[in-house]
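Asks: have a look at this prediction, sequence included:
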Amino acid sequence: MNQKILSVCIPVYNGEEYIEEAILSVLEQSFKDYELLIIDNQSTDNTYTLLQKFTDPRIKLFRNDTNLGLVGNFNRALELAEGKYIKILPADDFLYPGCLQMQVDVLEQDKENKIALVCGRKNIINAKGKVLFNRGFANKRTEVSGFDAINKVVRAGGNIIGEAGAVMFRKDIIAKAGLFSNDVFYALDLELFFKMLCFGNLYALPDVVSSFRISNNSTSVHVVDRQRADLVIFFNKIYADKKFNLSWTNYKMGLMTSWALTNLKKILYKFSV
């Protein structure tokens, strides 16, 4: 059997409220050459029963023997993925039409493999799916070096690359960059992206490609009080490690900006979930 171009991975734990929407957003994409891996982390609600009703042959359903924790389940998804490219889609988020085709096209046209990952803009939505605002790395098609991307993200004080659903990356870069880390929970995505960006460029699309949901059930709401502390720890770690080439000016600016953004997020989450 020929290798699929893409692996879309949905790690899930107790995601019965939104998991079907996430799956359908993948199955309804115009791009079809993918495998859809769904990894249930010993859910205790109705998630696994809902998953078993899907019969699309592209779906590969797994259930862990024990709960591996969020990071462990994300890493199992990376280990199971067999596609040339990988997208991790959190179970309470979803993709917009055209997302997969646009991001695959960028990577396929990069014949010299200079691009480590491609991202698009994201809509921040509430529990009912209402769009609150959108955020992203750029407002036009932009390719920057990995180190320039790292500096811009830190200077912005938060993850403007986007959460996992907004990003696609090459499978072979995992062998160089490593897996998701438990070191700083709130910077889970960013830490992996930064490690990848040490080996290639970032390509940013101006298109909104995915949603990021904030709700009473989402991890982001429950850890909002840790966000500032985790970002400080993460920025300190990145600045101390010279391989990331983070400038002192951007490091200091990022610390200040992250403080302001975290307080704004607390207000937003409080009144929007």
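Replies: Everything's here; your move.
Asks: any low-confidence regions in the protein?
Replies: 1, 215-225, 263-273 (pLDDT under 70).
Asks: the strands in it, which residues?
Replies: Under the criterion DSSP state E, the chain contains strands at 6-12, 34-40, 59-63, 85-88, 115-125, 131-135, 142-144, 167-170, 201-213.
Asks: which of these sits closest to G72?
Replies: Counting by C-beta to C-beta, G72 lies closest to strand 6-12 out of the strands of the chain; the figure is 9.2 Å. For every residue, glycine as well, the C-beta is placed using N, CA and C.
Asks: give the contact list for the residue nearest the centre of the chain.
Replies: Nearest to the mean C-alpha position of the chain, by C-alpha atoms, centre = their mean, lies A164 at 0.7 Å. A164 is in contact with 74, 87-90, 189, counting by C-beta atoms under 8 Å, 6 or more residues apart in numbering.
Asks: 6 Å - rerun?
Replies: Neighbour list for A164: 88, 189 [criterion: C-beta atoms under 6 Å, 6 or more residues apart in numbering].
Asks: do the same with L261
Replies: L261 touches 157-158, counting by C-beta under 6 Å, 6+ apart.
Asks: same thing but at 10 Å, please
Replies: When contacts are counted by C-beta atoms under 10 Å, 6 or more residues apart in numbering, L261 touches 156-159, 227-228, 231.
Asks: distance check, the residue nearest to the centre of the chain against D92.
Replies: Using C-beta to C-beta, to the nearest Å, A164 is found at 12 Å from D92.
Asks: go ahead and confirm R226 touches L188.
Replies: No: between R226 and L188 there is no contact, the gap being 11.9 Å when judged by C-beta atoms under 10 Å.
Asks: out of the two, which sits in the busier spot?
Replies: L188 (22 against 14; other C-beta atoms under 10 Å).
Asks: who is the residue nearest to S145 when sequence neighbours are not counted paired with across the strands?
Replies: In this structure, S145 finds its nearest non-sequential neighbour in N201, 5.6 Å apart by C-beta to C-beta, 6 or more residues apart in numbering. Residues in a beta bridge with N201, per DSSP bridges, are I115.
Asks: quick check, N201 in contact with L107.
Replies: No: if you go by C-beta under 10 Å, N201 and L107 don't touch, sitting 11.2 Å apart.
Asks: now S25: how far from Y18?
Replies: Applying C-beta to C-beta, the value for S25 to Y18 is 10 Å.
Asks: over to L255?
Replies: Counting by C-beta to C-beta - L255 and Y18 are separated by 34 Å.
Asks: who are the contact partners of the closest residue to N67 other than its chain neighbours?
Replies: If the residues on either side of it in the chain are set aside, N67 comes closest to Q42, at 4.3 Å by C-beta to C-beta, 6+ apart. Q42 is in contact with 13-14, 48, 63-68, 73, counting by C-beta under 10 Å, 6+ apart.
Asks: repeat that for I150.
Replies: By C-beta under 10 Å, 6+ apart, the contact set of I150 is 144, 161, 190, 193-194, 197-198, 202, 238, 244-247, 250.
Asks: try it again with 7 Å
Replies: Going by C-beta atoms under 7 Å, 6 or more residues apart in numbering, I150 touches 194, 197, 244, 246.
Asks: what of F94?
Replies: With contact set as C-beta under 7 Å, 6+ apart, F94 has these partners: 21-22, 25, 210-211.
Asks: would you mind giving these as CSV with distance to R170 added?
Replies: What follows is those, written out as CSV (distance: C-beta to C-beta, whole Å):
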residue, distance to R170
E21, 27
A22, 23
S25, 22
S210, 19
S211, 24
